[in-house]
Structures are given as structure tokens and as C-alpha cells.
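> This is a predicted model, with the sequence first.
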Amino acid sequence: MRYASSVLDLIGHTPLVKLNRVTEGISATVLVKLEYLNPGGSIKDRIALKMLEEAERSGELRPGGTVVEPTSGNTGVGLAMVAQQKGYRSVFVTVPKVAREKRDVLRAYGADVVVGPTGVSPDSPLSYYGISDQLAAEIAGGYKPDQFSHPAAPASHYESTGPEIWEDTEGRVTHLVVGAGTGGTVTGTGRYLKDVSRDRDAGPVEIVVADPDGSIYSGAQARPYFVEGVGEDIMVDNYDPEVPDRYERVTDAESFGMARRLATEEGLLVGGSSGTAVVAALRVAARLGEDDVVVAVLPDSGRGYLGKIFNDEWMTEHGFGDVLGGTSGTEVTV
Ligand code: PMP
């Protein structure tokens, strides 16, 4: 019989698929890695598994322990799923502006959610960082992984995401295009691909960060933007600026327009940061030839953004009306 012994064994080994429509006029091969096919629905399952495995090994997480992390996004889902399977409780600290549905997903996995107040400074004890520190200290057996600094986050990508891309492309990948939020993906995957390709005739894999306009990674003054999960307004520990070879700046309108095109033209319902990565990948690929293989990592599914990127009213209200392009289908009530 062929089956996984638990859902945790289904994390990783995500497929690469070729883009065929949005690549019109491009001769390089553009492949995307579908991280929404992880069991928790995003690339963050990988780091959740590795961070909790390391914590068990080091003794920071013991039977009866509780995982505490300030997140309501993909990392929360990954940690909730992995913690539950390993027999730990989990508590996530978030703020009221986070969509109700995101909090409900965490509770559906059995996690507890603490919603802190809005409008407090990041160093206040009532900020979501402050509350999570306090909970991790006060709950007996509390453990806070901290995805922004835990070395297991980039390590998980060095050990899984990188080798998967290298093996699935049979060592022919020439360019990696990824977004950077906590930096774990680019640091781990990029470092692995550079290490393994350093001595080949074609030269090392070139690492490109697809960065939202307004993020400091590509050198901008920090400014608010809408795309979620990528870009930063401060430098974080897990982002190694030595890994990226260059940056492509992508606007919200470009990211969201591309996320919608990926759904309607490629059959890929993915989130905004996937749009960011593909916009950058196409720019890179347009300058390349037919022997080049560009791989872009698509971190999560579009299901979490149905009320935003895939909602015409939300898009229009937020100034993205001109990227709708009459793409999605119509609804008729009879
Ligand atoms: N896209 C989405 C939707 C994410 O949630 C994240 C994680 N913050 C990323 C991209 C970036 O990944 P990383 O944190 O590894 O840089």
C-alpha cells in the first residue's frame, strides 16, 4: 500500500510546472514551484516542521509544551498543523485587522488565538510581539520559534526546497526568482543552489529577489504596500544580503494583475506574492535565451485572497481597477 504515515510526511516535494501563456514571446523556459500544494497550503509548512523538530532535539520543546508565535498567516497554519501532529498545544498572537477567516483557520486546527490591541508601538508589552514573549515565558513549557531569526528556517530550504529544484531541473536551472519576507526562502534555497552549481560550466545559478515597491530589501525607503508576505521595513536575521545577485522591483498593481492572470490563463490560483515572483521571473526571462531555465517559487494559494485580489470591488476601491482586464468570469442569478 502507498500512503504517508502522517500528514507531516507530505510536506515538501512540491512539483514544478511550466508557464505557457503568460510567457508569450519569451524563449527561456519558465517553471514555477507550487508551494500551495503543501498540506497546510503554503511554503511555511517546511519551516514549521524543521523549527519544531530542532526544538525537540535541543530540548526547548518537551512533551506537554506549547508553541507560541506572533503570526496569523501561513507560518501559523504550518505551526498549528505540525504542533498538533506532534502533540503540542499552539497559541498565536495577532491583531484585530487580520481577517477573521485567517484566525478561524488557526482555530480550525485546534490552535488558540489571542487578539491584541491595535495602535500600540512594536516595543510595547501589549504589541503582538510583546504579548507573545510574555505568553512564551508564562506558559509552562512555552516555546517561541521566531521565524525571523530561527536558523532552522533557512536550513529547511537549504535541505529541501533547494535540492528539489536542483533535482527536478536535472541541474539545468539558471535563475531562481523568489520573494523575501523573513528571508528564509531566499537565504536557504539560494545558498544551496549557488553552492551546488558553483563549478558547473554554465556558472552558478543567479539569485533574483522579487521585491515589492516599498520594501527596503531592494533599497527603497520603506513605504506601505498591499502585497502580503514579502518585503520588509526592517532588516531581519534570516535574510542574508550576500545571497541575492540582484533585485526586481514589482508594484502591487503588477503583482495583483499577474496573480489574476495566473488564475485565468495558467489555471494556477495563487496569492499576491506569487504574482510578484512571476512578474520578476518574466522580466528576467525576457532577457534570456532558449537554454535558460528560470524557476520562480509560488509561496501560497489564492484562496486566502478571494476577498481582496480576486474581488473586483476591493481591487477597484484600492486603485487597482485597471488591472482587472475583464479576466474573471461573471455570475448570474436566475
Ligand atoms: N509569500 C507569502 C504569502 C508568505 O507568507 C511569505 C512568508 N512571509 C513569503 C512569501 C516569503 O517567504 P520568506 O519568509 O521565506 O522570505
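Noted; the coordinates are in hand.

> what about the nearest residue to residue 304 once chain neighbours are set aside, how many neighbours?
Among residues not flanking residue 304 along the chain, residue 271 sits closest, at 6.3 Å (C-beta to C-beta, 6 or more residues apart in numbering). Placement of C-beta: from N, CA and C, glycine included. Residue 271: 30 surrounding residues under other C-beta atoms under 10 Å.

> Residue 78 contacts residue 52, doesn't it?
No. Residue 78 is beyond contact range of residue 52, at 9.4 Å (criterion: C-beta atoms under 8 Å).

> which one of those two has more residues nearby?
residue 78 (29 against 26).

> which residues touch the more buried one?
Residues near residue 78 by C-beta atoms under 8 Å, 6 or more residues apart in numbering: 38, 40, 42, 44, 45, 46, 47, 48, 49.

> Swap in 10 Å and give it another go.
11, 38-49, 51-52, 69, 71, 109, 147 (C-beta atoms under 10 Å, 6 or more residues apart in numbering).

> can you count the residues close to the closest residue to the ligand within the stretch 201-334 of the chain?
Closest contact between the stretch 201-334 of the chain and the ligand, by C-beta to the nearest ligand atom, is at residue 229 (2.4 Å). Applying other C-beta under 10 Å, we find 23 residues neighbouring residue 229.

> again, but for residue 2
3.

> now swap in residue 201 and tell me
Counted with other C-beta under 10 Å, residue 201 comes out at 4.

> Residue 10 now?
Counted with other C-beta under 10 Å, residue 10 comes out at 14.

> again, but for residue 57
Residue 57: 10 neighbours (other C-beta under 10 Å).

> Could you do the one 3 residues further on as well?
Counted with other C-beta under 10 Å, the neighbours of residue 60 add up to 16.

> now residue 174, nearest residue through space, not along the chain?
Distances taken as C-beta to C-beta, 6+ apart place residue 292 nearest to residue 174, at 4.6 Å, with adjacent residues excluded.

> Quick check, that neighbour in contact with residue 203.
No. Using C-beta atoms under 10 Å as the test, residue 292 is too far from residue 203 to be in contact (11.4 Å).

> Would you mind listing the residues touching both of the two?
Common neighbours of residue 292 and residue 203 (criterion: C-beta under 10 Å, 6+ apart): residue 174.

> Would you agree the residue nearest to residue 304 is in contact with residue 260?
No. Using C-beta under 10 Å, residue 271 makes no contact with residue 260, being 11.4 Å away.

> what residues are up against the closest residue to the ligand within the stretch 51-200 of the chain?
Ranked by C-beta to the nearest ligand atom, the top residue of the stretch 51-200 of the chain for proximity to the ligand is residue 181, at 2.8 Å. Counting by C-beta under 10 Å, 6+ apart, residue 181 makes contact with 44, 73-75, 147-148, 212, 215, 217, 228-232, 236, 238-239, 273, 299.

> Separate out the buried members of those residues.
Buried subset of those (neighbour count, 16 or more other C-beta atoms under 10 Å): 44, 73-75, 147-148, 212, 215, 217, 228-232, 238-239, 273, 299.
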